[in-house]
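1. Fold the following and give me the result.
(one chain, ligands or ions: 2)
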Amino acid sequence: MSWLKKLTAGLKKSSEKVTSSLSGISRLFGKEKIDAASIEEIEEALILADLGVSVASDIAEALRGYKFAGEVTPEALRLALADQLTGILLPVEKPLGLTQDSPPAGGLHVILLVGVNGSGKTTTAGKLAARFQGEGKKVVMAAADTFRAAAIEQLAGWGVRTDTKVISGERGGDAAALAFRAIDEARADNADVLIIDTAGRLQNRSELMEELAKIIRVIKKQIPDAPHDSLIVLDGTVGQNAIAQMKAFQQTAALTGMVITKLDGTAKGGIVVALAREFGLPVHMVGVGEGADDLQDFTARDFAYALVGLDPETTG
Ligand SMILES: Nc1nc2c(ncn2[C@@H]2O[C@H](COP(=O)(O)OP(=O)(O)OP(=O)(O)O)[C@@H](O)[C@H]2O)c(=O)[nH]1
Ligand SMILES: [Mg+2]
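-> Ligands and ions are numbered 1, 2, ... in the order given. Modelled structure (predicted):
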């Protein structure tokens, strides 16, 4: 399956949620303009699909003056929505690059993964390792989730699967000390990329957020402009709670970008649009499955089309 088909299939539940309520607005179709009452219903449908109030009202406003070529059909409406969404998402389309924000040639690029429990950090670490290995980079992973023995084993499993060295310590050990040692070892190995997996922490647990701040301070002692990428991994199935998570982690971890996972199993993919609007941080990648190749670069147009159930290759 091509990655685009995977994305469209993965976002099927989300696109059904976006479009099914729209097709229920029967008086919408068959005319050349959308009437005011229907515009309001569209706005509500978009809010219910997790796109957020601000985006929903902007899109509704744009549709008010929208010139359809002929009658409004369900497909024409989807196309109009896809165009609007593309415009909203384009500013956050920024693939994760090792070059743009990288340290000088030969330096180590440090990627830190943070987020609440179970959001997909460890899986994303493994998927990223697979990707960079595939690009011929030398990758090292660090198991800075020292809370759970299973977490260390889980990352070690990804290490075996992706042929990547994993630096780990004792369960219950100091995560910041582990990160410190991981940078030393990755440098000694002449690695290009170090991916640091951290423990899941709820954003309202201040002692855990303080531990995260300490990990970052210690990383900076080694390399002042590291972590070069401080990525929050958000579970796409939680919907609006992702907004609260963003706010808390932004304060502690100086986030540089987002990865949004589990979009394959949820009807809440609209949250990606709300996050893009509210925070304007790059959405580097989206997770649409549990396999090593189920992490895809976020591209605004493809995502927008998939979110309304259209294939960007055959439409528009
Ligand atoms: N369907 C699907 N499942 C995913 C995706 N990403 C992660 N998962 C699954 O979600 C579960 C949790 O993923 P982990 O990577 O362990 O999450 P984590 O953030 O490391 O969890 P903690 O370390 O406990 O905080 C696992 O069963 C993963 O296989 C995705 O994009 N799609
Ligand atoms: Mg984990």
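2. Contacts only, for the residue in the chain positioned nearest to ligand 1.
-> With distances taken as CB to the nearest ligand atom, the chain approaches ligand 1 most closely at G200, which sits 2.2 Å away. Just so you know, the C-beta spots here come from the backbone N, C-alpha and C atoms, and that holds for glycine as well. With CB atoms under 8 Å, 6 or more residues apart in numbering as the criterion, the residues that contact G200 are G115, V116, N117, G118, S119, K121, D145.
3. which SS class is the fifth one?
-> It refers to S119. S119 carries the three-state label coil when classified by DSSP: H, G, I helix; E, B strand; the rest coil.
4. Near it, how many other residues are there?
-> 26 (other CB atoms under 10 Å).
5. again, but for the first one
-> Neighbour count for G115, taken as other CB under 10 Å: 27.
6. contacting residues around it?
-> Residues in contact with G115 (CB under 8 Å, 6+ apart) are K121, G200, I232, V233, L234, D235, Q245, F249.
7. Could you do the last one as well?
-> Contacts of D145 were listed using CB under 8 Å, 6+ apart, and they are K121, T122, A151, I152, L155, A175, D197, T198, A199, G200.
8. same thing but 6 Å
-> A151, D197, T198, A199 (CB atoms under 6 Å, 6 or more residues apart in numbering).
9. give me the element the first one is part of.
-> It refers to A151. Under the assignment given by DSSP states H and E, the secondary-structure element containing A151 is helix 149-162.
10. quick one: average pLDDT of that helix?
-> Here helix 149-162 scores 95 as its mean pLDDT.
11. which other residues reach that helix?
-> Applying CB under 6 Å, 6+ apart, the contact partners of helix 149-162 are T122, G126, A129, A130, Q133, A143, D145, V166, S168, R171, D197.
12. quick check, nearest of these to ligand 2?
-> T122 (3.3 Å; CB to the ion).
13. give me the number of residues near whatever residue of the stretch 201-316 of the chain ends up closest to ligand 2?
-> In the stretch 201-316 of the chain, no residue comes nearer to ligand 2 than V233, which is 9.1 Å away by CB to the ion. The burial metric for V233, expressed as a neighbour count using other CB under 10 Å, is 27.
14. And A150, by the same measure?
-> By the other CB under 10 Å criterion, the neighbourhood of A150 contains 11 residues.
15. Return the distance of it relative to ligand 2.
-> Using CB to the ion, to the nearest Å, we find A150 at a distance of 9 Å from ligand 2.
16. ditto for N117
-> With distances defined as CB to the ion, the gap from N117 to ligand 2 amounts to 8 Å.
17. for K5, same thing?
-> Spatial separation of K5 from ligand 2 under the definition CB to the ion is 29 Å.
18. what about that residue, helix or strand, and which?
-> Counting by DSSP H and E, the element that carries K5 is helix 3-10.
19. In terms of secondary structure, what does that helix contact?
-> Judged by 3 or more CB pairs under 6 Å, 6 or more residues apart in numbering; DSSP states H and E, helix 3-10 is in contact with no other helix or strand.
20. ok and the next helix-or-strand element following it relative to helix 3-10, angle-wise?
-> Beyond helix 3-10 on the C-terminal side, the first helix or strand identified by DSSP H and E is helix 12-23. Taking axes from the mean of the first three to the mean of the last three CA atoms, to 10 degrees, helix 12-23 and helix 3-10 form an angle of 60 degrees between their directions.
21. For helix 12-23, report the contacting residues that lie outside it.
-> A45, A49, P74, T266, A267, G269, L307, V308, G309.
22. how about it as PDB, C-alpha atoms only?
-> C-alpha atoms of helix 12-23 as PDB (Å, rounded to 0.1, in the frame of the first residue of the first chain):
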ATOM      1  CA  LYS A  12     -11.100   6.900   7.400                       C
ATOM      2  CA  LYS A  13     -12.800   7.100  10.700                       C
ATOM      3  CA  SER A  14     -11.900  10.800  11.000                       C
ATOM      4  CA  SER A  15     -13.000  11.600   7.500                       C
ATOM      5  CA  GLU A  16     -16.300   9.800   8.000                       C
ATOM      6  CA  LYS A  17     -16.900  11.900  11.100                       C
ATOM      7  CA  VAL A  18     -16.200  15.100   9.200                       C
ATOM      8  CA  THR A  19     -18.200  14.200   6.100                       C
ATOM      9  CA  SER A  20     -21.200  12.200   7.500                       C
ATOM     10  CA  SER A  21     -22.700  15.000   9.400                       C
ATOM     11  CA  LEU A  22     -22.200  17.300   6.300                       C
ATOM     12  CA  SER A  23     -24.000  14.900   4.000                       C
END
